[in-house]
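# Task: produce atomic coordinates for the following.
(one chain, ligands or ions: 1)
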Amino acid sequence: MVLAIKNERTVAKEIPVVDLRGERSEVRKVIVKACEEYGFFKVINHGINEETIAETEEEGFRFFEKPVAQKKLAAPAYGCKNIGLNGDIGEVEYLLLNASTHSIDQISKSISLIDPLKFRLRAYTEAVRELACEILELMAEGLGVPDTFIFSRLIRDLDSDSVLRLNHYPPININNMVGFGEHSDPQILTILRSNDVGGLQISLQHAVWIPVNPDPSAFYVNVGDVLEVMTNGRFVSVRHRAMTNSEKSRMSMAYFGAPPLNACIVAPPVLVTPQRPSLFRPFTWADYKKATYSLRLGDTRIQLFRN
Ligand code: GA4
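Below you'll find the predicted structure:
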């Protein structure tokens, strides 16, 4: 399916960069500013073992190279073109897994073809979860929230509903095809990386797109809807999409840090003031997830929870 794209602009803009080896007080300042202005930033010197990343990526590619009939044995974790439950389509194939160790072990139990990948994903998921927690703690500090574990606790919880997604965008002969359409991530925080092929774009303004340069040595971080709510709108959940290209395969790996289903999503008192009254009503992650899956990919579900 060719998706015609009209009346859009692509502009060059510097994406904020956070050097995790920098001075802590400076790092948290840069993070807060990036989350307020972009809801998006790049992390360098993240400390995650290069081999863990490279081997996971290799196994991911090895999986996507298999014949379709074999990949389909990994359904429902494996999907092709269909996104969500309401008819969204993209030029993408993917593996979508619950990110708890238990669930990674459970995927397609009988399918040995996925075994080496499962093994890598376990180590990879633990590493990116830790990175997400470190960033969330810096955010809480930067915002002056006394309980600095307020965000990270939710994704460290054994019942956290976090997911891991491998997206594969095969090259397509037509330029400017939508691989994964415009949306914001519903969860708390997304930790994303890709091989050295571009395609990711973010949007700060309707119909204006900023291409994000691929950097396999770095991670990109997206603020999700839940973090927008928990910061009472100080941080913005960023709208983004992935485009395909006509030359090279792109593979991205995204960890979506989410709360447990029964967690109550509400901003801490320090972020709710007379000057900045509460923007959202309290709800559970289960409520939010239900709303997310009842809507289309590009819909802004956060509006449903406004006061
Ligand atoms: C976008 C972010 C994650 O990839 C995801 C996606 C989910 C899915 O593919 O099943 C959704 C999409 C994402 C948001 C709206 C709904 C749900 C597809 C869709 C149309 C796994 C997630 O949590 O939300």
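# okay, now residue 36: neighbour count?
By the measure other C-beta atoms under 10 Å, the count of residues near residue 36 is 15. (Each C-beta comes from the backbone N, C-alpha and C, glycine too.)
# go on, residue 136?
Residue 136 is flanked by 26 other residues according to other C-beta under 10 Å.
# That one should be in a helix, yeah?
Yes. Under DSSP: H, G, I helix; E, B strand; the rest coil, residue 136 falls within a helix.
# Residue 151 is in contact with that one, correct?
Yes. Using C-beta atoms under 8 Å, residue 136 and residue 151 qualify as a contacting pair, with a distance of 3.9 Å.
# quick one: common contacting residues for the two?
Any residue near both residue 136 and residue 151 by C-beta atoms under 8 Å, 6 or more residues apart in numbering counts here, and that gives 188-189.
# Show me where the stretch 1-150 of the chain has its strands.
For the stretch 1-150 of the chain, applying DSSP state E, counting those that start in this stretch gives strands covering 9-10, 17-19, 40-44, 78-83, 88-98.
# Output those as a markdown table; include the columns mean neighbour count, mean pLDDT and distance to the ligand.
Output for these, formatted as a markdown table (neighbours: other C-beta atoms under 10 Å; pLDDT from 0 to 100; distance: least, C-beta to the nearest ligand atom, whole Å):
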| stretch | mean neighbour count | mean pLDDT | distance to the ligand |
| --- | --- | --- | --- |
| strand 9-10 | 10 | 92 | 22 |
| strand 17-19 | 17 | 98 | 22 |
| strand 40-44 | 21 | 98 | 14 |
| strand 78-83 | 17 | 96 | 5 |
| strand 88-98 | 20 | 95 | 5 |
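# would a markdown table of those strands with distance to residue 227 be doable?
Written out in a markdown table, the entries for these read as follows (distance: least, C-beta to C-beta, whole Å):
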| stretch | distance to residue 227 |
| --- | --- |
| strand 9-10 | 27 |
| strand 17-19 | 16 |
| strand 40-44 | 12 |
| strand 78-83 | 22 |
| strand 88-98 | 20 |
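# Output the set of residues of the stretch 1-150 of the chain in proximity to the ligand.
By C-beta under 6 Å from any ligand atom, the part of the stretch 1-150 of the chain that sits against the ligand consists of 83-84, 86, 88, 96.
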